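Colleague: Have a look; sequence and predicted model below, questions after that.
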Amino acid sequence: MFKRVKDSVFIGLGVGILAPGILGSISWYLMHRYTFLARADLLLIASIAVNALLLQYFFKINKENTGRGIISATFLWAFLFFFYKINQ
C-alpha cells in the first residue's frame, strides 16, 4: 500500500501526525464518554506507539526519509502528551 509513496520527510511527518491523531481522537472520545476510562492515559500512549509500527514498516521497505518524518512526528506527539500530563 505504501510502496508507491514518495520517500519524503514531509510525507512521513504527515503520516506520523495523522495516524496517531485519528487514534488519539477516538481514545479521547472514549475517555470522556465512559467514566471507567477517564484515567486511562495508556490509550493515548498506545495511539502514539502506532508510529513505531509505521516506522518499522517504512524502514523495512527502504523509505528512510519517510521514517525520519515519522520519528519527528512521534517526538511532537510525545511532547504534546507531556504537556497534557503536566496540565492535568
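Modeller: Great, that's in hand.

Colleague: which residues touch the nearest residue to residue 74 once chain neighbours are set aside?
Modeller: Once flanking residues are discounted, residue 74 sits nearest to residue 51: 4.4 Å by CB to CB, 6 or more residues apart in numbering. All C-beta atoms are positioned from the backbone trio N, CA, C, and that covers glycine. The contact partners of residue 51, by CB atoms under 8 Å, 6 or more residues apart in numbering, come to 16, 19-20, 70-71, 73-74, 77.

Colleague: Which parts of the protein are helices?
Modeller: Using DSSP state H, the helices of the chain run over 9-33, 42-60, 64-86.

Colleague: Residue 2 is nearest to which of the ones you listed?
Modeller: Residue 2 lies closest, by CB to CB, to one member of those: helix 42-60, at 7.0 Å.

Colleague: in the closest one, what counts as buried?
Modeller: 44, 47-48, 50-51, 54-55, 58 (16 or more other CB atoms under 10 Å).

Colleague: from those residues, which has minimum pLDDT?
Modeller: Lowest pLDDT among those: residue 44, with 87.

Colleague: For the nearest residue to that one once chain neighbours are set aside, give me the pLDDT.
Modeller: Using CB to CB, 6+ apart and skipping the chain neighbours, the partner closest in space to residue 44 is residue 27 (5.4 Å). As predicted, residue 27 sits at a pLDDT of 90.

Colleague: Then residue 34?
Modeller: 89.

Colleague: What count of nearby residues applies to it?
Modeller: 10 (other CB atoms under 10 Å).
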